[in-house]
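Student: Okay, here's the prediction I keep looking at, along with the sequence it came from:
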Amino acid sequence: MTDDPTKLQSLHQRLTGSMKLVETTRELAGLHDLDEILRSVTRGACDALDCERASLFVFDKSTNELYTRVATDLEIEEIRTSIDSGIVGWVGRRRKVANIPDPSADARWISSIDRATGFVTRNILAAPVVSQHDDRLVGVLQAINKRNSDFGEFDEELLQAFASHAATALERADRLEETRRIQALEVEIGMAREIQTSFLPAEMPEIPEYELAVWWQPAEAVGGDYYDLVSLPDGRLGFITADVSGHGVAASLIMASVRAMLHVLARTTSDPSQILTLVGESIAADLHFGRFITFLIVALDPVRHELTFANAGHGPAFHFQRDQQEFCNLVSTSLPFGFSDEFPSSESQSLNLQVGDLLVLGTDGVIEVRDERGEIFGSKRLKALILENRRLPAPELLKRVKSAVVEFHSDKFPADDVTLMILERKLG
């Protein structure tokens, strides 16, 4: 056993520093808040190295800067420095420890912080904080003004150990924060989906002599496809299908605006062409960045079995005539919304539904799905499928179509929002 006081003091400092490192490691295991983790690292490093201050600079890749996330006894709220300047920047760039016994004699030192705070920096020890996962720079851990001496080799080893713990803590906190953000986003998206779903008809109406079936499925949690049923002032029932270009939250917000306009206008007029024109005029000026909307409204007189429609570039939409075994497209009567700031007026067209006839209204998400060869499902395949299963009731027919479309698709389904509505005038 040595009696040398200097050696005894050195051994004591090493033991104290090592114990503080172990203590900090245990403390970190129970912390999840980023700032608490970083305070623990800097406080532990400051105590272990017996210095006046310790700071953790976090690397901001977007600005190429290092900034203090936590600093002990620092009067300035935040310090930012370029990765290309200063001692901290040099450590970050080179991924090397810097032990500076006299910063004022070092050309890399930036003295403005001392001038701003009145603090006197006597010596500096800084170590890079590097990800153990992918070797990227996370930050720089810096200790300032070791009491009673300069920083030594053991201090360098100790600070590097704390830097390693800081890297682990930062990465763990980042993962936790990312998980929280994802969970919060999932909750918000779930709420958005509930809201959008609440905009759709809660249940299908009972229409004497008719049967109705609907398939609606957004590509994401929310989407730009929309269908609705509205009671018109003259007693007819309005069937609406529409499609905003694109999908996701932006498309769903636009579609919510369309729905709001539609429900107001449908109280003032029963004419499909007037409703379509007024909705188009109201929304067209608000469509930006190349977005557009296809829109179709069909008014059904269930007593006379007459359909009157106006179509702004929407499809697939067709009438299947059971007696003739033929399909008649509900042709466009105007351009989609958004093709021009000025929306041209539209004219309605009419047709009659005979017993056994079908009205099929959908969006392009049904017919534009592709198989592994890149071939699209297409309107011809959809019509052939309906013709083959024409004797099935509308709900069963819809199930067959849905099954065929999903099976045809080669990748994750759906790639686009999907809506399909089948209205059947029942056989007897």
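Tutor: Looks like it arrived, so ask away.

Student: what's the next secondary structure element after the helix or strand that contains Ala184?
Tutor: Take DSSP states H and E as the rule and Ala184 turns out to sit in helix 153-199. For helix 153-199, the following helix or strand on the C-terminal side (DSSP H and E) is strand 210-217.

Student: What helices and strands are in contact with that following strand?
Tutor: Helices and strands touching strand 210-217, by 3 or more Cβ pairs under 8 Å, 6 or more residues apart in numbering; DSSP states H and E, are strand 225-231, helix 394-408, strand 418-425. For the C-beta atoms, the positions are set from N, CA and C on the backbone; glycine is no exception.

Student: Counting by contacts, list what the longest one packs against.
Tutor: Yep, that's helix 394-408 we're talking about. strand 210-217, helix 378-388, strand 418-425.

Student: Could you identify which of those is most buried?
Tutor: Most buried of those by mean neighbour count (mean count of other Cβ atoms under 10 Å) is strand 418-425; its value is a mean of 24.

Student: Sheet-wise, list the partners of that one with their directions.
Tutor: Its sheet considered, strand 418-425 pairs with strand 210-217 (antiparallel), strand 358-362 (antiparallel) by DSSP bridges.

Student: Just give me the lowest mean pLDDT stretch among these.
Tutor: Of all these, the minimum mean pLDDT falls on strand 210-217 (a mean of 92).

Student: by how many degrees do it and strand 225-231 diverge?
Tutor: Calculated by axes from the mean of the first three to the mean of the last three Cα atoms, to 10 degrees, strand 210-217 forms an angle of 150 degrees with strand 225-231.

Student: Quick check: the nearest residue to Gly246 once chain neighbours are set aside vs Glu177, distance?
Tutor: Spatially, and ignoring its direct neighbours in sequence, Gly246 is nearest to Gly224 (6.1 Å; Cβ to Cβ, 6 or more residues apart in numbering). Going from Gly224 to Glu177 by Cβ to Cβ, to the nearest Å gives 31 Å.

Student: Which one's more surrounded, these two?
Tutor: Taking other Cβ atoms under 10 Å, Gly224 and Glu177 do not tie; Gly224 has more neighbours (30 against 13).

Student: can you count the residues close to the residue nearest to Arg304 when sequence neighbours are not counted?
Tutor: Nearest non-adjacent residue to Arg304, counting by Cβ to Cβ, 6+ apart: Asn352, 8.0 Å away. Asn352 has 13 neighbours, counted by other Cβ under 10 Å.

Student: same question, Gln325
Tutor: Gln325 - counted by other Cβ under 10 Å - has 9 other residues nearby.

Student: who are the neighbours in contact with it?
Tutor: Taking Cβ atoms under 8 Å, 6 or more residues apart in numbering, we find Gln325 in contact with Leu387, Arg390.

Student: ok, now how distant is it from Pro128?
Tutor: When distance is defined by Cβ to Cβ, Gln325 is 77 Å away from Pro128.

Student: One more: Leu141?
Tutor: Per Cβ to Cβ, Leu141 is found 8 Å from Pro128.

Student: Please apply the same query to Arg108.
Tutor: To Pro128, Arg108 is 15 Å away according to Cβ to Cβ.

Student: So between the two, which is more surrounded?
Tutor: Between Arg108 and Pro128, counted using other Cβ under 10 Å, Pro128 has the larger neighbour count: 22 against 15.
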